[in-house]
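Enquirer: predicted model and sequence below, questions to follow.
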Amino acid sequence: MAETKVSTSLSRNALGLLHVIFQSASQMSPTGTVVSGLTAIAAYALGSMPLAIVLALCASFLGANTLIQFSKRISSAGGYYTWIARGAGPYAGVYGGWLYVLYQGLNAPALILFFGYVVKALLELGLGMTLAGWIWWPFAMVAALFVWFIAYVGIKQSLIYSMIVGIVEIVVLCVLAVLLIHQAGSGNTLATFTPRFSLTGWSGIGLGMIFGLFSFAGYGASATLGEEAKNPHRSIARAILLSLAIIGFVLIFVGYATTVAWGVHRMSSYTTLPLPLLNLVHQALPGAWPFWFWALTILIINSTLTAIIAITNAQVRVLFALGRDRLIMPSRLGHTHPRYKTPHLAIHAQSLIGIAVVTAVGFWLGPFSGFLFLAELVTLSNLIIHIMANVSLIQYQRRIRQFQWVVHGLLPLLASLMFLFPIYFSIFPVPSYPDNIPPYLLVAWLLLGGGLLWRIVRRDPGRLQRAGLITNETLDGDGQDQVLSQ
């Protein structure tokens, strides 16, 4: 009997610059963030929400420098995992990959929970009735199954869908922001960009930054397209910078408009409503309410779906890279579909685990509280991955003897310091239950990863040396003279 050949390669040169941009922009989910992320930021920063967004964006730009510098030289489906392995060594790389699995592995369930919550709330608002408390779950399952299917059939199709929806929602959100700022009239004030309206001062700003960083965290999603993008050494760096700049502008603009239109001294009431943005639009623009209700409803649903798709695309490629390298993950996850060239087994594993997490956390805390709970854990793990990448960039550039003090030293150091700011305020003072649990879960995950690493080293130390070796690498940083390391 002839042996069936197993495919372990992704579809090369399948994605152009716009596709790569919207892989990152879609994960940042502009409309979904305006509805969920801004509400979470406002819960802590209150009327100083715009300041928390600006600081989160500044920290994200500093962090993006590391991704840009790495992507100019190294492209791989492993993204952070590969970069950390190439810079700080295979042990750190596998550990970074383990953290990334937690980060994106819980990121998709977080937004699936939000999807179930928001569809239920939109139906209640539109129909003027109260639905059963459990009704969020079937809506969440529809989102999970839709993403499972579209990720399975091919990344290009999913990114075309994300691109069309993304352009429309950016335009609509900017128009809405202009109308709300005009409606605010004398309520407009630049004091929202100071800590003046945060009742707990910089502590509230720091906690608000956690959810701001969660909103911007998707800018690195394009890093995992290094084996499918055209000219990845250039396109990924450009996509990271452009997606962060575009979505950053939109969130600051809409965040400011939302704050002044609601009232800087009334923001504590903003967070008590299930869909405060729609309540605000209803109050501020009553004549156009039917149009804005349906426009925002469609955009919220589509934006959340595209974000989950982008997260899933990124997560399964890291699972694929770890499986292909036979590190921590089963080697079967490193196989691709012979027709679609997608990591189909990794997609199946991520989808099934995601459904289990959504069900367990959703019925434990409720869909929105469950979303916030997972968002905190996701953000903390993401910040640690970024700090590891920052350190790895310094080590990598020094090793290849092309170290520059500003872009390879100072900026990664400043980014790491800014990332430590929200980490500190997520621990001190100790948040109330259940917000105090995520740091402990993160520590448990780190300990489990350490145990798995120790097991690999003890049984087969040579396996670890394969970490991050399958990559396109260039030593001049201009996208030319690529060397395939295997």
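Expert: Thanks, I have it.
Enquirer: could I get the full set of strands for this structure?
Expert: Listed from the start of the chain, the chain has strands (DSSP state E) covering 74-75, 471-473, 483-485.
Enquirer: pretty sure residue 379 is touching residue 213, no?
Expert: Yes - at 5.5 Å, residue 379 and residue 213 qualify as touching, with contact defined as CB atoms under 8 Å. No exception for glycine: its C-beta is placed from N, CA and C like everyone else's.
Enquirer: show me the residue at the heart of this structure, geometrically.
Expert: For the chain, the residue whose C-alpha lies nearest the mean C-alpha position (CA atoms, centre = their mean) is residue 218; its distance is 3.3 Å.
Enquirer: skip the chain neighbours and tell me the closest residue to that one.
Expert: The spatial neighbour of residue 218 that comes closest, neighbours along the chain excluded (CB to CB, 6 or more residues apart in numbering), is residue 27 at 2.7 Å.
Enquirer: residues near that neighbour, how many?
Expert: 32 (other CB atoms under 10 Å).
Enquirer: for it, give me its contacts.
Expert: The contact partners of residue 27, by CB atoms under 8 Å, 6 or more residues apart in numbering, come to 217-219, 221, 307, 310-311, 314.
Enquirer: now these as a markdown table including pLDDT and distance to residue 276?
Expert: Below are the contacts of residue 27 laid out as a markdown table (pLDDT from 0 to 100; distance: CB to CB, whole Å):
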| residue | pLDDT | distance to residue 276 |
| --- | --- | --- |
| 217 | 80 | 22 |
| 218 | 82 | 23 |
| 219 | 88 | 26 |
| 221 | 86 | 27 |
| 307 | 89 | 20 |
| 310 | 88 | 25 |
| 311 | 89 | 24 |
| 314 | 89 | 29 |
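Enquirer: so which elements touch the helix ranked longest in the chain?
Expert: With residue count as the measure and DSSP state H as the assignment, the chain has helix 90-127 as its longest helix. In terms of contact count using 3 or more CB pairs under 8 Å, 6 or more residues apart in numbering; DSSP states H and E, helix 90-127 is assigned the packing partners helix 80-88, helix 136-153, helix 289-324, helix 344-365, helix 367-399, helix 438-459.
Enquirer: tell me where the model's unsure across the chain.
Expert: Counting by pLDDT under 70, the chain contains low-confidence ranges at 1-9, 469-472, 474-486.
Enquirer: nearest to residue 189, out of the helices and strands packed on helix 90-127?
Expert: The minimum distance between residue 189 and the helices and strands packed on helix 90-127 falls on helix 289-324, with 24.5 Å, by CB to CB.
Enquirer: let me see the contact set for residue 81.
Expert: Residue 81 makes contact with 93-94, 96-97, 100, 318, 321-322, 467-468 under the criterion CB under 8 Å, 6+ apart.
Enquirer: typo on my end, it should be residue 330
Expert: Applying CB under 8 Å, 6+ apart, the residues contacting residue 330 are residue 323.
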